[in-house]
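Trainee: Got a predicted model here, sequence first, then my questions.
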Amino acid sequence: MGDVLGDVLGFAAAVAISPLPIIAIILILATPRGRLNGVLFTVGWILGLSALGAVMLAVASPAGASAHNHPATWVGALKLALGVFLVLFGARLWHRRPRDPSQAQLPKWMGAIDRFTPVKVLGLGLALAALNAKNAPLTIAASATIGSAGLPVGQQIASLAIFVLIATLGLLAPLGVFLLGGERAKTTLGNWKDWAAQHNVVVMAVLFFVLGLKLLGDGIHILTS
């Protein structure tokens, strides 16, 4: 289990460093129902990662993700495909990055966050976790790694839970500052939001590219060993 955690913690950290969800929760916390909606957004995020990871684990075990304690060929092919996707997407983001960070624009839906109902906030957290172009491939890759290690079911679940916890730290940090930071929380969160908004594309492009290369290496290793 220790070896598996060593492999998936990098994926979890990359999911945690997600500028758009961090910006989203900061904006949510600034709304009149910020305390409730911030918690709901985080719960939706956790549910999204957990559900996607659980589905992948449920598929991996019956599909023979582990063959004699070695990842099956299809796991290598999956990681290879995910790696290619991330590298290409990262290159595309880098090419389209704003030359002037101060000109970076946020998605239009963020302007309507203050009008989101609690149900929509919960759904937004779930969607940004499970349907995001970065988080979904990384969660799938992490779950495939867990499922291909030949671990007992209990250890698979524990490994996925640790992955989800680490992957949620990026949201727990601003939520904690809001709940415990007092008067200085607004300024701190505002500074975090501005930085994340300006550097979102560059951070995402670098993460896509680096993690894509790692998945390419993992996939090639599995397919050739």
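Mentor: Now that the structure is in, tell me what you want to look at.

Trainee: now stretch 43-56: how far from the chain's centre is it?
Mentor: The chain centroid and the centroid of stretch 43-56 are separated by 10 Å, computed with C-alpha atoms, centre = their mean, to the nearest Å.

Trainee: What lies in contact with it?
Mentor: Here stretch 43-56 makes contact (C-beta atoms under 8 Å, 6 or more residues apart in numbering) with 15, 21, 121-131, 135-136, 139-140, 142-144, 146-147, 160-161, 163-164, 167-168, 171. For every residue, glycine as well, the C-beta is placed using N, CA and C.

Trainee: for stretch 135-148, same thing?
Mentor: 4, 7-8, 11-12, 14-15, 18, 49, 52-54, 56-57, 59-61, 65-66, 70-72, 75, 78-79, 82, 85-86, 128-130, 156, 159-160, 163, 167, 211, 215, 218.

Trainee: Excluding chain neighbours, what is closest to T188?
Mentor: Nearest residue to T188, sequence neighbours excluded (C-beta to C-beta, 6 or more residues apart in numbering): V177, at 5.6 Å.

Trainee: In contact with the one you found, which residues?
Mentor: Counting by C-beta under 8 Å, 6+ apart, V177 touches 185, 188-189.

Trainee: And for L216?
Mentor: With contacts taken as C-beta under 8 Å, 6+ apart, L216 has the following neighbours: 79-80, 83-84, 87.

Trainee: one step back: just the buried ones among the contacts of V177, please.
Mentor: For the contacts of V177, a burial check counting by 16 or more other C-beta atoms under 10 Å picks out 185, 189.
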